[in-house]
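Asker: fold the stuff below for me.
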Amino acid sequence: MTLLSNRGLSLTDFSELTKFRLSVTVVISSIAGYFLAVDTVHCPTLFLLVIGGYAMVGASNVFNQVFEKDLDGLMERTMNRPLPRERIHPNTALLIGVVLTLIGIAALYIINIKTAFFASISIFLYACLYTPLKQKTSLSVFVGAFPGAIPFMLGWVAATNEFGIEPGVLFMVQFFWQFPHFWAIGWVMHDQYENAGFKMLPSGKPDQITAFQIVFYTFWTVLISLIPAFQYTGKLYLTLPAACLVGFLGVFFLYAGIQLMYLKTDKAARFLIRASIIYITGIQLVYVLDKFILQ
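Answerer: Sure thing, here's the model as predicted:
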């Protein structure tokens, strides 16, 4: 068997294999963390963070698709990916993942060893723990929240070569945010996930227990996002106007969660997915703008 299909590796297939849009949003999260830590942008460091960040996230996604190739073929959402459709040989995808990992580690190591270390931990947790656990227990979401929370704090570590309370808060914001976000996705995708054997929802099904936990974690996400307003988080803090904006976004996010708890419909879950994306993007933007404009 050949490593490549007869038509070769297309840019579209590479984009799907590395989940381009998802990887870009993760890189943007790292960039936001970087800007929060610096007063003057060092372009070479920022460039390496972008290249290394995309490579590491892309590698995680590649390994995930290699391991779940057969399962992806069972779900309408993923059945047209390159591996289930045999547009790319699994060995080729595995090689791409390894190369991306080496590129990512090298780029981030040039920045500093802590950045490379946290990124390496992220790819290990995602590919080696979160991915296999998805078929065994809904606690996989808890495990997956760790690598998912690293990018926001990674930018701060890249800028400062330090891990303290500031990147810790950034980590916690994105860690708690992932529960309502991915449980809302799990709600909408429940039938397809169940068909593939994935256990993603805390109660095992889209019910009141799951909806309550979504609201519970949404509340804690909003609360943690406001901690910098009290100025107990070192160099990371929010002015009053910025805190009000974060609070407004939080009310919107919490409303979407409560609406799902009362309606328990796929439409409400889709609204929550959009609200969660608006929330995390919005607060990162507010944090950065507050630092450079209002402080």
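
Asker: only C-alpha atoms from now on, for both contacts and neighbour counts.
Answerer: Noted.

Asker: residue 49 and residue 156, how far apart?
Answerer: Separation of residue 49 from residue 156 (CA to CA, to the nearest Å) stands at 11 Å.

Asker: shared neighbours, the two?
Answerer: Shared contacts of residue 49 and residue 156 (CA atoms under 8 Å, 6 or more residues apart in numbering): residue 30.

Asker: now do the helices in the chain.
Answerer: Counting by DSSP state H, the chain has helices at residues 11-17, 20-37, 43-67, 69-72, 90-111, 113-124, 131-133, 140-160, 165-188, 190-196, 208-225, 240-263, 266-289.

Asker: next one: the fifth one to chain centre, how far?
Answerer: What it means is helix 90-111. Taking CA atoms, centre = their mean, to the nearest Å, one finds helix 90-111 lying 19 Å from the centre of the chain it belongs to.

Asker: likewise for stretch 165-177?
Answerer: So, by CA atoms, centre = their mean, the centroid of stretch 165-177 is 12 Å from its chain's centroid.

Asker: now it: mean pLDDT?
Answerer: Averaged across stretch 165-177, the pLDDT comes to 96.

Asker: about what we covered before: indicate which one of the helices of the chain is closest to residue 202.
Answerer: Among the helices of the chain, helix 208-225 comes nearest to residue 202, with 5.8 Å by CA to CA.

Asker: how about stretch 58-66 as CSV, C-alpha atoms only?
Answerer: The C-alpha trace of stretch 58-66 is given here as CSV (Å, rounded to 0.1, in the frame of the first residue of the first chain):
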residue,chain,number,x,y,z
GLY,A,58,-2.6,20.6,14.1
ALA,A,59,-0.6,17.6,15.2
SER,A,60,-3.1,16.9,18.0
ASN,A,61,-5.9,17.0,15.5
VAL,A,62,-4.1,14.7,13.1
PHE,A,63,-3.4,12.1,15.8
ASN,A,64,-7.0,12.3,16.9
GLN,A,65,-8.2,11.6,13.4
VAL,A,66,-5.8,8.7,12.9
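
Asker: nice, that's everything, thank you.
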